[in-house]
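Chemist: Below is the sequence, then the predicted model.
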Amino acid sequence: MALRNVKNKNTVLRWINSGYIPGTLLDKDSKEYKLPDNARCPYVERGNCKGNAIYRSIVKASAKGKHVVYQLYDLPKDEFDFYIKCLIEWNYIVPFELEGITYYNATEAGEDFASWRNSQVSKFVKDALPLLSFGMTYGAVSANSWRFEQVKRIILYLLFFIPSCSTALSRGRKLLEKIIREEEALGG
């Protein structure tokens with residue numbers, strides 16, 4: 001959605017002053033704002049979302065062609081960046097840059113994720129965040145540790161209870177197969 005289609009100048013000024021439209025420059029002579037050519041409307045219809053609902057909100061905004069920034073969610077930048085990092089890792093959004101501004105588009109899996117109920121999102125995030133923190137690498141687990149069983153349970157959950165999450169399904173299956181091969185090689 002092009003920002004240029006917004007008819008109310010006061011709305012755009014409020015968005016600029018709130019930091020919702022990055023890359024906006026003020027012309028000192030004319031006192032007019034110059035908007036980036038490809039500026040997107042911010043996702044102001046997000047509601048008052050908190051916690052895990054923010055993941056879904058960011059993906060919904062990306063699917064609608066809207067822009068998201070940390071100011072929209074009243075979050076510190078590093079916390080917002082963590083939400084973005086997770087969503088990129090889970091292959092729900094894809095970043096791209098125009099005029100030095102990073103925007104996000106939803107993937108096909110992301111569009112599916114955006115349709116989930118908040119309870120489904122919370123359950124997924126609860127199980128998926130440990131995988132992200134483990135880095136989904138074999139180095140994070142060993143066949144003789146409690147982590148192996150914990151990661152195995154999370155992956156099995158993703159495989160059987162969230163079949164619509166194709167990226168997690170694919171990654172989870174590959175990681176589980178690798179862990180099982182390593183465990184068998186160690187005589188487990």
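Modeler: Structure's in. What do you need? On a predicted model such as this, the values are computed, not experimentally measured, just so you know. Residues are numbered from 1 along each chain as shown.
Chemist: for Y104, helix, strand, or coil?
Modeler: Y104 carries the three-state label strand when classified by DSSP: H, G, I helix; E, B strand; the rest coil.
Chemist: looking at the chain, which helix or strand does the model trust least?
Modeler: Ranked by mean pLDDT, DSSP states H and E, the helix or strand of the chain with the weakest confidence is helix 146-161, at a mean of 56.
Chemist: How many neighbouring residues does V12 have?
Modeler: Under the neighbour criterion other Cβ atoms under 10 Å, V12 is assigned a count of 20. Bear in mind the C-beta positions are built from the backbone N, C-alpha and C, glycine included.
Chemist: mind checking pLDDT for it?
Modeler: What the model reports for V12 is a pLDDT of 87.
Chemist: Please apply the same query to G65.
Modeler: Value listed for G65 in the pLDDT field: 92.
Chemist: Tell me how far it lies from Y103.
Modeler: Between G65 and Y103 the distance is 9 Å, computed by Cβ to Cβ, to the nearest Å.
Chemist: got any residues that touch both of the two?
Modeler: Contact with both G65 and Y103 is made by residues R40, according to Cβ atoms under 8 Å, 6 or more residues apart in numbering.
Chemist: First-to-last residue distance for stretch 87-99?
Modeler: Chord length of stretch 87-99, first to last residue, is 23 Å (Cα to Cα, to the nearest Å).
Chemist: and that stretch, which residues are buried?
Modeler: L87, E89, W90, N91, Y92, I93 (16 or more other Cβ atoms under 10 Å).
Chemist: What of stretch 65-76?
Modeler: Of the residues in stretch 65-76, those scored as buried under the neighbour-count criterion (16+ other Cβ under 10 Å) are K66, H67, V68, V69, Y70, L72, Y73, L75.
Chemist: which residues touch P95?
Modeler: Residues near P95 by Cβ under 8 Å, 6+ apart: I84, I88, T102, Y103, Y104.
Chemist: Report the two of those residues separated the most.
Modeler: Checked with Cβ to Cβ, those reach their widest spread between I88 and Y103, with 12.6 Å between them.
Chemist: Same list (the buried residues of stretch 87-99) but as TSV, adding distance to R56.
Modeler: Below are the buried residues of stretch 87-99 laid out as TSV (distance: Cβ to Cβ, whole Å):
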residue	distance to R56
L87	10
E89	16
W90	12
N91	15
Y92	9
I93	11
